[in-house]
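Asks: Sequence and computational prediction follow.
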Amino acid sequence: MKPRRWRVAVSAVVLILGGLAGCASDDMGPDWMTWDQANREYQAAVASFPFALPEGVSFTPDARPPGGDTHGRYGRGYGAMQAYVFAEYAWACTALRERVHDPVAASAALDEVQRIHDSPGIQANFSDPGGGWQAMIDKTRLGDWADFAQTYSGFGGETCGA
């Protein structure tokens with residue numbers, strides 16, 4: 001389906017940035033990091049994160065390695081992007097929880113999802129030439145939460161009360 005193409009783009013970005021987990025070469029070059037380096041990059045991004053998180057939410061002290069792989073190679077920017085993904089997901093969960101009880105709060109949470117998603121911290125590593133993500137947000141703002149809920153309710157292997 002055409003509206004879902006952006007999910008493929010997001011998956012490709014995650015695979016590229018998560019990059020070559022388990023790569024046999026020890027010569028990583030300047031564009032690759034160990035998990036420890038990626039985690040330090042995450043921690044630095046969290047320490048200076050430019051957006052607020054929803055009330056009662058705080059960043060995890062460490063990023064979560066994809067599939068638990070702490071021996072892989074990770075592209076530069078992967079750790080920092082994890083902070084942005086965490087924040088985007090936290091606001092998406094807030095929007096999903098509030099959509100029934102407090103539409104004004106849900107709309108404000110969607111605004112935060114949009115601000116974080118549009119920021120350089122996400123956009124530096126996100127490709128959506130067809131505009132599928134924005135189309136999903138636009139549909140959500142018009143009251144059709146189906147794609148948004150499908151995208152974010154299980155994002156990162158967790159549920160957020162969709």
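Replies: Received it, and whenever you're ready, just let me know what you need.

Asks: Going by C-alpha atoms from here, please, whenever you check contacts or count neighbours.
Replies: Fine.

Asks: before we move on, which element is Ala90 in?
Replies: helix 78-101 (DSSP states H and E).

Asks: tell me what that helix is packed against?
Replies: Contact analysis of helix 78-101 by 3 or more CA pairs under 8 Å, 6 or more residues apart in numbering; DSSP states H and E lists helix 35-47, helix 103-118, helix 120-123, helix 146-152 as its packing neighbours.

Asks: Tell me which residues are up against it.
Replies: The contact list for helix 78-101 (CA atoms under 8 Å, 6 or more residues apart in numbering) reads 17-18, 38-46, 49, 53-54, 57, 59, 63, 105-110, 112-113, 116-117, 121-122, 125, 149, 152-153, 155, 160-162.

Asks: Just the buried subset of those, written out for PyMOL, thanks.
Replies: Of the contacts of helix 78-101, the buried ones go into a single PyMOL selection, burial set by 16 or more other CA atoms under 10 Å:
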select buried, resi 17+18+38+39+40+41+42+43+45+46+49+53+63+105+106+107+109+110+112+113+116+117+121+122+149+152+153+155+160+162
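
Asks: Below-threshold pLDDT in the chain: ranges please.
Replies: For the chain, the stretches flagged by pLDDT under 70 are 1-28, 154-162.

Asks: tell me, what residue is most central in it?
Replies: Most central in the chain under CA atoms, centre = their mean is Val85, positioned 2.3 Å from the mean C-alpha point.

Asks: Okay, that one and Ile122: tell me how far apart.
Replies: Going from Val85 to Ile122 by CA to CA, to the nearest Å gives 7 Å.

Asks: mind checking how far the closest residue to Asp31 other than its chain neighbours is from Thr60?
Replies: Of all residues beyond its chain neighbours, the one nearest Asp31 is Arg76 (5.4 Å), with distances taken as CA to CA, 6 or more residues apart in numbering. Distance, Arg76 to Thr60, using CA to CA: 20 Å.
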